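Participant: only geometry, no sequence info:
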């Protein structure tokens with residue numbers, strides 16, 4: 001667009017060079033045409049500003065765009081649809097629940113530790129000539145990292161229907177992946193390194209899930225029928241984390257959903273699974289916002305509590321009423337907090353993260369009538385840090401993938417490194433669980449490795465390529481020897497039974 005400054009007319013052509021001409025040398029009719037053009041442009045700009053002002057006044061802000069060569073980042077989701085206005089839909093499928101018993105009811109399994117308590121024997125070796133594991137079935141998924149909850153022969157996964165632009169809570173058969181039902185609603189989500197990345201919590205009666213844009217839904221676990229639907233942004237002024245929500249819900253005593261909206265007035269809330277009504281809320285005097293971390297249950301002096309990593313610190317609250325029992329700002333990550341608290345014996349909590357944050361051990365103790373959190377030690381990322389996954393506590397030790405060099409590492413509870421997998425065994429940022437005395441570790445590119453679950457040394461048993469795509473970061477689940485795992489665009493059920 002031409003502009004007049006200090007008596008010259010400036011134009012910016014395609015090559016970026018600025019040309020100028022003296023106004024005094026221009027013909028009168030040219031100046032008149034130029035003045036008319038500038039007036040028209042000014043009127044258009046004023047009109048646009050007026051419309052934008054009306055939009056702000058009446059709750060319909062104008063979209064942001066490029067200004068002077070700088071693009072203003074738009075929100076992840078431009079729509080501002082209230083939960084009441086969302087039209088949900090329940091679709092029945094032809095799948096049938098499996099008769100296979102066993103549960104993996106939420107993130108990290110029933111005990112929140114990623115350790116399977118089942119005793120079914122699993123394979124400890126694969127053929128060198130044909131290093132493949134039997135595949136029972138596979139299924140395409142929307143792009144993301146969402147994992148699985150399993151109960152009563154059903155698999156629950158929060159998916160994204162990319163073709164129809166809908167969030168979809170899906171119930172699948174453990175036998176063959178057949179869809180039993182799908183609870184969905186329209187939601188436009190921009191690609192941001194995947195869409196859905198949370199794991200539902202399920203009981204015999206309820207299934208609760210948190211969407212990428214912080215909508216919480218509770219449905220009947222058997223039929224998929226909606227019980228309630230809440231938008232955390234609308235109700236609690238929650239801020240959607242960068243790369244979308246990664247928090248996985250918790251269901252307490254089979255009847256209350258525990259969520260961390262981390263809004264200005266509610267850090268954590270307990271919601272009645274039957275009605276969605278608020279049972280209690282934890283205030284947020286710190287002003288912390290939501291992270292990708294999930295709430296973890298912790299027994300403290302016989303009292304049931306919850307621990308949460310907010311953006312700014314760590315808090316412990318009473319499970320009965322949400323009262324803050326202790327808090328600390330000793331542990332916080334500036335970029336993204338993804339791993340969840342690891343609850344340890346002796347009222348200790350292991351905290352870790354990526355982006356050079358390393359790790360830290362907290363001790364929770366009582367000082368008079370009050371609890372306090374004390375830092376026992378801090379490790380630099382060269383010793384241990386984890387960007388994506390939450391470490392395991394097993395055999396009296398901590399295990400996890402060290403982000404610095406991608407090796408699988410064993411730590412004692414004083415923070416000393418006991419062993420590492422070595423430079424030839426690196427795993428990226430993939431998930432890991434314990435089953436039948438083995439660590440099952442999935443690397444970024446879909447290779448599954450099994451090693452002995454011991455603190456004595458790294459002893460590999462076998463490895464096999466099991467997935468084809470990259471970004472294999474979703475937490476795994478195992479039920480009666482059936483291993484559920486996924487890459488960014490598909491999931492598989494492998495048969496690990498001996």
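Facilitator: Cool, the structure landed. All values derive from a computational prediction rather than experimental measurement. Numbers count the residues shown, from 1 in each chain.
Participant: From here on, just use CA atoms for contacts and neighbour counts.
Facilitator: Will do.
Participant: Check which helices and strands the helix or strand hosting residue 156 sits against.
Facilitator: Using DSSP states H and E, the element containing residue 156 is strand 154-161. Taking 3 or more Cα pairs under 8 Å, 6 or more residues apart in numbering; DSSP states H and E as contact, the helices and strands that strand 154-161 lies on are strand 149-151, strand 166-173.
Participant: Off-centre distance for that strand?
Facilitator: Averaging C-alpha positions (Cα atoms, centre = their mean, to the nearest Å) puts strand 154-161 14 Å from its chain's average.
Participant: what's the answer for stretch 429-448, then?
Facilitator: With Cα atoms, centre = their mean as the basis, stretch 429-448 stands 19 Å off its chain's centre.
Participant: what's the straight distance from one end of that stretch to the other?
Facilitator: One end of stretch 429-448 sits 13 Å from the other (Cα to Cα, to the nearest Å).
Participant: pLDDT (mean, whole number) over it?
Facilitator: Averaging pLDDT along stretch 429-448 gives 97.
Participant: Now tell me which helix or strand of this protein has the poorest mean pLDDT.
Facilitator: Taking mean pLDDT, DSSP states H and E as the measure, the chain has strand 66-67 as its least confident helix or strand, at a mean of 29.
Participant: For residue 495, give its distance to residue 313.
Facilitator: For residue 495 relative to residue 313 (Cα to Cα), the value is 41 Å.
Participant: Who has more neighbours out of those two?
Facilitator: Just comparing residue 495 and residue 313: by other Cα atoms under 10 Å the higher neighbour count belongs to residue 495, 20 against 17.
Participant: if we look at the sheet, which residues does that one bridge to?
Facilitator: In this entry, residue 495 is beta-bridged to residue 482, by DSSP bridges.
Participant: ok, then the element right after the helix or strand hosting residue 327?
Facilitator: Assessed by DSSP H and E, residue 327 sits inside strand 324-328. The C-terminal neighbour of strand 324-328 among helices and strands, as given by DSSP H and E, is strand 342-344.
Participant: What's the first helix or strand after that following strand?
Facilitator: Sequence order places strand 348-352 as the next helix or strand after strand 342-344, per DSSP H and E.
Participant: That next one: how far from the chain's middle?
Facilitator: Its chain's C-alpha centre and that of strand 348-352 lie 19 Å apart, by Cα atoms, centre = their mean.
Participant: Please name every helix or strand in contact with it.
Facilitator: When contacts are defined as 3+ Cα pairs under 8 Å, 6+ apart, strand 348-352 sits against strand 342-344, strand 359-367.
Participant: hmm, who's touching it?
Facilitator: With Cα atoms under 8 Å, 6 or more residues apart in numbering as the test, strand 348-352 has contacts from 331, 339-344, 358-364, 384-387, 390.
Participant: in its sheet, what does the strand holding residue 327 sit against?
Facilitator: Paired strands of strand 324-328, with direction, are strand 313-318 (antiparallel) (DSSP bridges).
Participant: could you give the angle of the strand it pairs with to strand 359-367?
Facilitator: Taking axes from the mean of the first three to the mean of the last three Cα atoms, to 10 degrees, one finds strand 313-318 and strand 359-367 inclined to each other by 40 degrees.
Participant: what bridges to residue 410?
Facilitator: As for beta bridges, residue 410 partners with residue 399, residue 419 under DSSP bridges.
Participant: And it, how far from residue 125?
Facilitator: In this structure, residue 410 and residue 125 are 23 Å apart, going by Cα to Cα.
Participant: More neighbours: the two, which one.
Facilitator: The neighbour count for residue 410 versus residue 125, taken as other Cα under 10 Å, is higher for residue 410 (29 against 15).
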